[in-house]
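below are the sequence and a predicted model; questions follow.
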Amino acid sequence: MTNGFNIIGISKRTTNKENQSAQDIGKLWEQFFSENIFEKIPNKSSSEIVSIYTDYKSDYTEEYTTIIGVQVLTLDDIPIGLIGREFIPETFQKFTAKGEVPKSVVDVWVDIWNRDKELNRKYAYDFEVYGQNSQKGNDSEVDIYLSVNQ
């Protein structure tokens, strides 16, 4: 997935200030499952759910957009109420969150934020991949891809 892709899903503009993103992203996940968004997405090229962080105002301390969706073959058919986006190829550094979700994912992001400067982040877009190993309790794994400058 790191060579660019199209996605269809739902989105929310948020910020990490005052823990706002935890509330907003939690509600976005609730909406994704309660409205059965996965089933509404046509032309899926994967069964993995992707959570993307993009449109950064500056860095992780400012506003950004979160998109939860699925990779698709084409953006020709975007259902009403959903959004479609194309993401161009970037260079990524991969991290893997291991353990109970979402705690393990949050822990990796806290580590990333603490090392923000040394990681040479590009802030193009970053994403998490929730595949077949993401729902295994304490044995869960979620891959996190961070866009970085070459």
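Yep, that arrived.

any chance you could map the strands in this structure?
5-14, 44-54, 64-72, 83-87, 92-98, 125-130, 141-147 (DSSP state E).

next, the angle strand 125-130 makes with the fifth one.
In other words, strand 92-98. Orientation check (axes from the mean of the first three to the mean of the last three Cα atoms, to 10 degrees): strand 92-98 against strand 125-130 gives 40 degrees.

now do the shortest one
When the same axes, to 10 degrees is applied, the directions of strand 83-87 and strand 125-130 differ by 110 degrees.

kindly report the same for the last one.
Direction vectors for strand 141-147 and strand 125-130, defined by the same axes, to 10 degrees, enclose an angle of 170 degrees.

now strand 141-147: average pLDDT?
Strand 141-147 comes out with an average pLDDT of 97.

ok, and what's touching it?
1-2, 90-98, 101, 104-105, 108-109, 112, 119, 121-131, 133-134 (Cβ atoms under 8 Å, 6 or more residues apart in numbering). (C-beta placed from N, C-alpha, C; glycine too.)

now restrict those to buried residues only.
Buried by 16 or more other Cβ atoms under 10 Å: 1, 90, 92, 95, 97, 101, 104-105, 108-109, 112, 119, 121-130, 134, out of the contacts of strand 141-147.

how about the nearest residue to the residue sitting nearest the centre point of the chain, chain neighbours excluded?
With distances taken as Cα atoms, centre = their mean, residue 51 lies nearest the centre of the chain, 2.1 Å away. Nearest residue to residue 51, sequence neighbours excluded (Cβ to Cβ, 6 or more residues apart in numbering): residue 128, at 4.5 Å.
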